[in-house]
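> Provided below are the primary sequence and the corresponding predicted coordinates.
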Amino acid sequence: MRPSRRLALAGGLATAACAGRPVGAVSDPRFRTLGRVERLSPAMDGIVAQDAVIQVLAEGFTWSEGPVWITDGGYLLFSDVPNNRIHRWSEADGLSVFMEPSGYDGPATDAFREAGSNGLILGPKGSILMADHGNRAVARLDLATRAKTLLATQFEGRRFSSPNDLVQGAGRAIFFTDPPYGLAGMDQSPLKEQEHNGVYRLDADGTVSLLVRDLTFPNGIGLSPDRRTLYVAVSDPAHAVVMAYGLDAQGAVTGGRVLRDFTAMVGAEHPGLPDGLVVDEAGRLFCTGPGGVHVLAPDGEALGLIRTDGPAANCTFGEDGRTLFITAGANLLRIRTLTRG
């Protein structure tokens, strides 16, 4: 369904910043560039500098997803979901395979559309948390040993479809989405056990609670800095929206609203759908969607669009906290910002 190209580190191994300026701020001969930044509000000038460029760090993936920056080691991990791999990228070492398989590791089967890991976030020290399509689970991965622990695989005795993305809240609670994207046939898969495509909360004691049951394709998920608002992207071309839900002190949903509706943009001119998202320290959303990464104010106002010349899947902040890494289909991208994640 998606074109597959040879894996390559774009521009060779990167080892240093250029001319004393932040890496990614200006053109660098080691990396080709693409796309552009559209400024829809004057506020965008305080978020991304006028001379910032979008660098291609690596390319050739089937569908790159779920980036997470590992501060202790200075490297990025991200998923190639259909190829069942986690890749590692760093300025010093370039690109390598960190883990394969990253998700399903059983005998050959045609049950899965995408069998690998998807969303990745930081976990307890020395670990990451993952949305594991192939094991239909939320899992913890020890970075040193690659040992995986499945934290949740079902709700009310029925298996999840394919947990997609996750974010950690207060008290070690994990909020996550469970659309059917990992299953062959998706909603029509004979393996689908849940009647809904839900948004859940996994508490530290292992209890799983269903928070939202009425979204068609819940996908990316994030929290406001004060952890009182939960954001969920919906990857439905007929209703391509980002939802905002209030959270009470116990982490239960208190109400929902459409924060931003991208449905009118969906089409060939603006490839992509609402998918992964990340929130900066000021509460602004960097949300993938039609055309690239949309920068939204906390009230949903459109501030800018980082156009990626193709569908963007997810993004995260890394390096010193001011670099936005973007997984964009076949490409791994980077752009410097003036904000911090």
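Here it is on my side, so go on.

> pLDDT score for Arg30?
At Arg30, the predicted lDDT confidence score is 84.

> ranges for the helices of the stretch 151-300 of the chain?
If you assign secondary structure with DSSP state H, counting those that start in this stretch, the stretch 151-300 of the chain ends up with no helices.

> how about the stretch 1-150 of the chain?
Going by DSSP H, counting those that start in this stretch, the stretch 1-150 of the chain shows no helices.

> quick check: which ranges of it have low pLDDT?
Where the stretch 1-150 of the chain drops to pLDDT under 70, the residues are 1-27.

> now with 90?
1-30 (pLDDT under 90).

> Gln194 and Ser224: what is the separation?
27 Å (Cβ to Cβ, to the nearest Å). Yep, even glycine has a C-beta here, placed from its N, CA and C like the rest.

> distance of the residue nearest to Glu301 when sequence neighbours are not counted from Leu303?
Nearest residue to Glu301, sequence neighbours excluded (Cβ to Cβ, 6 or more residues apart in numbering): Ser41, at 6.9 Å. According to Cβ to Cβ, Ser41 stands 5 Å off from Leu303.

> neighbour-wise, which of those two wins?
Neighbours were counted for Ser41 and for Leu303 using other Cβ atoms under 10 Å; Leu303 has more, 22 against 14.

> got the contact list for that one?
Leu40, Ser41, Ala43, Met44, Ile47, Arg284, Val295, Leu296, Ala297 (Cβ atoms under 8 Å, 6 or more residues apart in numbering).

> which of those residues has the most neighbours?
Neighbour max across the contacts of Leu303 (other Cβ under 10 Å) = Val295, 28 neighbours.

> tell me who's in contact with that one.
So Val295 contacts Met44, Ile47, Val48, Arg284, Leu285, Phe286, Cys287, Ala302, Leu303, Gly304, Leu305, Ile306 (Cβ under 8 Å, 6+ apart).

> I'd guessed the third one sits against Thr323; true?
Read that as Val48. No. Contact between Val48 and Thr323 fails when scored by Cβ atoms under 8 Å: they sit 11.3 Å apart.

> got any residues that touch both of these two?
Ile335, Arg336, Thr337.

> quick one: buried residues of stretch 280-296?
280, 284-296 (16 or more other Cβ atoms under 10 Å).

> ditto for stretch 57-73
57-70.

> likewise stretch 295-314?
In stretch 295-314, counting by 16+ other Cβ under 10 Å, buried: 295-298, 303-309, 311-314.

> and which of those is nearest to Gly198?
Asn314 (19.8 Å; Cβ to Cβ).

> which residues does that closest one form beta bridges with?
Thr327 (DSSP bridges).

> was I right about it contacting Leu76?
No. If you go by Cβ under 8 Å, Asn314 and Leu76 don't touch, sitting 11.8 Å apart.

> overlap in contacts of these two?
Pro67.

> do you know how far the closest residue to Arg340 other than its chain neighbours is from Arg88?
Of all residues not flanking Arg340 in the chain, Gly321 sits nearest, at 4.3 Å (Cβ to Cβ, 6+ apart). In this view, Gly321 and Arg88 are 20 Å apart by Cβ to Cβ.

> these two: which has the busier surroundings?
Taking other Cβ under 10 Å, Gly321 and Arg88 do not tie; Arg88 has more neighbours (17 against 14).

> for the closest residue to that one other than its chain neighbours, give me its contacts.
Distance criterion Cβ to Cβ, 6+ apart; nearest residue to Arg88, sequence neighbours excluded, is Phe98 at 4.0 Å. For Phe98, the contacting residues are Leu77, Arg85, Ile86, His87, Arg88, by Cβ under 8 Å, 6+ apart.

> now with 10 Å, please.
Residues near Phe98 by Cβ atoms under 10 Å, 6 or more residues apart in numbering: 70, 75-79, 85-89, 141, 143, 146.
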